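Engineer: Give me the fold of what follows.
(one chain, ligands or ions: 1)
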Amino acid sequence: MRGPAPDSPQSLSRRLIHAARALETSGSYNAAKLLWALAYSEEIRGSAAAGEPVTRAERDRELQALIPALRAAGTGEAILSAIERGRLAALEDRTIPLEEIPPVYVCRTCGQVALSRPPERCPACGARPLSWREFRRSTSSSPCARTRRWRA
Ligand SMILES: [Zn+2]
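Structural biologist: Predicted structure coming up:
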């Protein structure tokens, strides 16, 4: 799956990630973190500008629509199954145990995704263990979510 070219004016976040990876390739991890943070910031801003689903039903439709799109993009069944478990838990307004959606890791070299524990070497590109970036659950609600309740 390829999106716009890294130099496309519509993809500032991709340009930032491209530059961050280039810095990491030369060992400049501390400088790269700035670009990773700005890319994340850019994605948050873009997401907010697009508007968020307001009702529980809208949120569920959005999640249901993402699953076939992710499957078409080559996302593994373990990840898709975990997303579905998360979707159902959110729909039922219940907490989902960590065992049902374990920590998730992304290979910073090639984008491979792994659940629970990253393998010693990336199975897709052979990158070393330090290549894996862990994504943990958010520890608190966003400021918007704290002031808003999901409506049926
Ligand atoms: Zn990899």
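Engineer: what's the burial count for residue 121?
Structural biologist: For residue 121, the count of nearby residues is 13 (other C-beta atoms under 10 Å). Placement of C-beta: from N, CA and C, glycine included.
Engineer: Against residue 102, how distant is it?
Structural biologist: Distance, residue 121 to residue 102, by C-beta to C-beta, to the nearest Å: 20 Å.
Engineer: Then residue 119?
Structural biologist: Per C-beta to C-beta, residue 119 is found 14 Å from residue 102.
Engineer: Could you check how far the residue nearest the centre of the chain is from residue 25?
Structural biologist: The centre of the chain sits closest to residue 135, judged by C-alpha atoms, centre = their mean, with a distance of 7.8 Å. The gap separating residue 135 from residue 25 is 22 Å, by C-beta to C-beta.
Engineer: Same check on residue 118?
Structural biologist: 20 Å.
Engineer: Residues in contact with the longest helix along the chain: which ones?
Structural biologist: When the chain is parsed with DSSP state H, its longest helix is helix 29-49. Contact partners of helix 29-49, identified using C-beta atoms under 8 Å, 6 or more residues apart in numbering, comprise 12-14, 16-17, 19-21, 23-24.
Engineer: Over to stretch 58-76?
Structural biologist: If you take C-beta under 8 Å, 6+ apart as the criterion, stretch 58-76 is touched by 1, 53, 79-80, 83-84, 86-87, 90-91, 113, 150.
Engineer: Pretty sure residue 116 sits against residue 102.
Structural biologist: Yes. In this structure, residue 116 is within contact of residue 102 by C-beta atoms under 8 Å, at 4.2 Å.
Engineer: how about CSV for the contacts of helix 29-49, with distance to residue 42, neighbour count and secondary structure added?
Structural biologist: As requested, those are arranged in CSV below (distance: C-beta to C-beta, whole Å; neighbours: other C-beta atoms under 10 Å; DSSP: H, G, I helix; E, B strand; the rest coil):
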residue, distance to residue 42, neighbour count, secondary structure
12, 5, 16, helix
13, 4, 18, helix
14, 9, 18, helix
16, 7, 22, helix
17, 10, 21, helix
19, 12, 18, helix
20, 12, 22, helix
21, 15, 15, helix
23, 17, 17, helix
24, 18, 18, helix
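Engineer: can you put these in TSV and add distance to the ion?
Structural biologist: TSV is the format used below for these (distance: C-beta to the ion, whole Å):
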residue	distance to the ion
12	24
13	20
14	18
16	20
17	15
19	19
20	16
21	12
23	18
24	13
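Engineer: Thank you, goodbye.
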